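# Predicted model follows, preceded by the sequence.
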Amino acid sequence: MQKIEIKYLGPVQELEMDIKDFNLLIGEQATGKSTVAKAIYFFRIIKSTLTDYLCQVYDTALYNGNDVSDGFNKVLKKELKSIFISLFGYSWDLDKRLYLKYEYASGIWIDVKLNKNGKRKYISVRYSPKLTQTLKDLEKEALELFEQKPETTTISLAYASKERLRNYDNFKNSVNKIFDDYKETYYIPAGRSMLTLLVNNRSLLENDNLDLITRQFMQVIDNIHRVFEDGIRNVHKRYPDGERRFDVTKTAEMLISDLKGDYLYNAGKEYIVVEDEEEHSEKIPINFASSGQQEVLWLLNQLYILMLKKEKAFVIIEEPEAHLYPSLQSKVVEFISYFANINNSSILITTHSPYILTSVNTLYCAGKVIEKNSTYSKKVYDIIDSNCEIDPQKVTALKINKDKSILNLINEELQELNTEMIDEISDSVNEKYMELYYLLMSENDVL
């Protein structure tokens with residue numbers, strides 16, 4: 001099981017969290033949910049950074065005959081520090097007590113802390129001894145492959161490209177094996193309605209002004225736009241596969257229902273296509289669609305594409321509830337869980353919404369029923385959609401409080417999530433209402 005430890009990073013003072021297949025963070029604004037999500041993202045995308053680095057070694061032998069360990073210590077860790085800064089800011093703005101550690105597998109961990117050099121603080125990235133040795137072995141292997149590589153003048157560009165791709169896949173598999181983690185990591189940030197509009201106005205943007213997460217999210221959208229030229233119902237034709245674990249027709253209709261319309265990308269323009277009861281359709285440009293449709297569009301589309309590609313993923317989703325009516329919040333949670341189950345993937349959700357938590361609790365209860373008696377599966381699926389249950393053994397649910405304390409929302413005794421612990425504002429509002437109501441009644445009595 002993976003695990004993260006965070007001390008004094010932004011609003012988060014101390015947090016330890018087991019990373020499972022379904023992870024939920026809830027709390028008020030500015031309590032640190034996004035900080036935790038970004039920290040997990042940083043540690044998880046290190047795998048991609050390592051793979052890219054090993055390919056650089058293979059492509060160029062970065063060190064020109066110098067000691068391989070020089071490159072390992074200088075080039076790679078410099079890149080990781082740069083990524084950390086892009087997510088959390090410069091070292092002089094960080095708390096001197098900062099400490100982060102991520103445990104991937106037995107003996108495989110990475111930590112980050114601040115060291116001092118005189119008055120100057122600097123970010124220090126450290127690998128566990130076991131990880132250090134295995135990475136050095138991979139690095140030497142990349143260098144040996146470079147030395148065996150034929151001269152580019154004697155091979156075709158097509159062959160060189162295929163060879164590089166093959167080596168990339170090999171390095172990627174080796175890194176995944178070291179970390180015992182074969183899932184790619186994606187981050188679906190908050191503010192998706194604004195990002196949806198920005199994607200269509202790239203001329204107004206300078207890429208360097210965007211943060212790392214926004215850049216990568218917009219790049220994902222750019223990469224999959226074109227597969228929706230014939231709408232959501234026909235996307236699966238771009239990824240032919242005769243052995244899917246789900247019904248593409250049913251899933252496409254589910255997405256169109258949740259989106260309140262089909263999505264179409266045509267000649268560089270995006271539309272929501274709405275059909276009425278008489279099957280008349282109206283193409284609404286994306287910038288005139290509702291904020292809720294814009295928010296949920298690339299959440300649903302990206303998960304669907306991952307399902308069609310059968311790509312195992314760890315997906316971080318910020319505020320899936322944004323601009324959505326409670327009933328649709330529940331449907332989106334069901335689809336997220338459906339995606340995770342069908343795709344053998346993992347999820348981390350950050351949210352402010354009690355409706356998200358109660359929806360998760362319902363699916364958690366469904367998983368509990370099936371766990372205790374698998375013959376009840378059909379009865380469960382008569383209540384919720386099939387394959388939407390959440391395995392109770394694979395859930396982490398935490399509330400980050402205003403006082404910076406961390407509350408585990410899983411009540412093992414009652415075998416449910418403590419949903420009442422996150423909707424305290426309702427009690428406060430009800431108390432105020434009753435006080436005002438009694439005042440109104442007492443005034444009526446006087447009259």
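That came through fine.

# Roughly how far does the closest residue in space to Val57 that isn't next to it in sequence sit from Tyr104?
The shortest distance from Val57 to any residue other than its chain neighbours is 3.9 Å, reached at Ala142 (C-beta to C-beta, 6 or more residues apart in numbering). (Each C-beta comes from the backbone N, C-alpha and C, glycine too.) Going from Ala142 to Tyr104 by C-beta to C-beta, to the nearest Å gives 21 Å.

# re the thing from before, could you give me the buried positions within the host helix or strand of the residue nearest to Val57?
Per DSSP states H and E, Ala142 falls inside helix 129-148. Going by neighbour count (16 or more other C-beta atoms under 10 Å), the buried part of helix 129-148 is Leu131, Thr134, Leu135, Leu138, Glu139, Glu141, Ala142, Leu143, Leu145, Phe146.

# Let me see the mean pLDDT of stretch 432-447.
If you average the pLDDT over stretch 432-447, you get 71.

# Secondary structure of Pro320: a strand, I assume?
No. With DSSP: H, G, I helix; E, B strand; the rest coil as the criterion, Pro320 is assigned coil and is not in a strand.

# And the nearest residue to it once chain neighbours are set aside, how close does it get to Ile317?
Leaving aside its sequence neighbours, Pro320 sits nearest to Val332 (C-beta to C-beta, 6+ apart; 5.2 Å). From Val332 over to Ile317 the distance is 9 Å, taken as C-beta to C-beta.

# beta partners of Asn266?
Lys269 (DSSP bridges).

# Pretty sure Gln302 sits against Pro189.
No. Using C-beta atoms under 8 Å, Gln302 is not in contact with Pro189; the gap is 11.6 Å.

# burial of Ala252, as a residue count?
18 (other C-beta atoms under 10 Å).

# what are the phi and psi values for Lys310?
Taking degrees, to the nearest 10, you get phi 60, psi 40 for the backbone angles of Lys310.

# what's the answer for Glu28, then?
phi -70, psi 170.

# so what's it closest to, chain neighbours aside?
Computed as C-beta to C-beta, 6+ apart, the closest residue to Glu28 that is not its neighbour in sequence is Lys402, at 6.0 Å.

# That neighbour reaches Gly32, doesn't it?
No. Applying C-beta under 8 Å as the test, Lys402 and Gly32 come out as separate, 10.4 Å apart.

# List the buried residues for stretch 276-286?
In stretch 276-286, counting by 16+ other C-beta under 10 Å, buried: Ile284, Ile286.

# Compute the mean per-residue pLDDT across it, please.
80.

# what distance separates the start and the end of it?
End-to-end span of stretch 276-286 (C-alpha to C-alpha, to the nearest Å): 18 Å.

# chain center to the helix holding Ala142: distance?
Centroid separation between helix 129-148 and its chain, computed with C-alpha atoms, centre = their mean, to the nearest Å, is 30 Å.

# One more: stretch 375-388?
The chain centre lies 27 Å from the centre of stretch 375-388; the measure is C-alpha atoms, centre = their mean.

# Lys402 and Gly32: who's more crowded?
It is Gly32, of Lys402 and Gly32, that has more neighbours when counted by other C-beta under 10 Å, with 22 against 11.

# thinking again about what came up before, which residues sit in contact with the residue nearest to Val57?
Neighbour list for Ala142: Leu54, Cys55, Val57, Tyr58, Phe171 [criterion: C-beta atoms under 8 Å, 6 or more residues apart in numbering].

# Run a quick neighbour tally on Ser345.
The burial count for Ser345: 21, using other C-beta under 10 Å.

# Now it. Nearest residue, chain neighbours left out?
That would be Ala313: by C-beta to C-beta, 6+ apart, it lies 4.7 Å from Ser345.

# repeat for Pro129
Per C-beta to C-beta, 6+ apart, closest to Pro129 is Gly107, 7.8 Å.

# so what pLDDT did the one you found get?
96.

# Next: the one 4 residues further on.
The predicted local confidence for Asp111 comes out at a pLDDT of 96.

# A strand includes it, no?
Yes. Assigned with three-state DSSP, Asp111 falls within a strand.

# hey, what's it bridged with?
Bridge pairing for Asp111 (DSSP bridges) gives the partners Lys101, Arg126.

# low pLDDT regions in the stretch 51-200 of the chain?
Across the stretch 51-200 of the chain, the ranges flagged by pLDDT under 70 are 58-73, 149-160, 196-200.

# the helices in it, which residues?
68-71, 77-88, 129-148, 157-179, 192-199 (DSSP state H, counting those that start in this stretch).

# Dump the ones you listed to TSV, plus distance to Ser353.
Formatted as TSV, the helices of the stretch 51-200 of the chain follow (distance: least, C-beta to C-beta, whole Å):
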stretch	distance to Ser353
helix 68-71	47
helix 77-88	25
helix 129-148	38
helix 157-179	32
helix 192-199	15
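
# which of the ones you listed sits most buried?
helix 192-199 (a mean of 18; mean count of other C-beta atoms under 10 Å).

# Which is the succeeding secondary structure element to that one?
helix 212-224.

# okay, the following helix or strand past that next one in CSV with CA atoms only?
Using DSSP H and E, the helix or strand that directly follows helix 212-224 along the chain is helix 248-259. What follows is helix 248-259, C-alpha atoms only, in CSV (Å, rounded to 0.1, in the frame of the first residue of the first chain):
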residue,chain,number,x,y,z
VAL,A,248,-20.1,1.4,-25.1
THR,A,249,-23.6,2.2,-26.3
LYS,A,250,-25.0,2.3,-22.7
THR,A,251,-22.0,4.2,-21.4
ALA,A,252,-22.2,6.8,-24.2
GLU,A,253,-25.9,7.3,-23.5
MET,A,254,-25.1,7.7,-19.8
LEU,A,255,-22.6,10.4,-20.6
ILE,A,256,-24.9,12.2,-22.9
SER,A,257,-27.6,12.1,-20.3
ASP,A,258,-25.3,13.5,-17.6
LEU,A,259,-24.0,16.1,-19.9
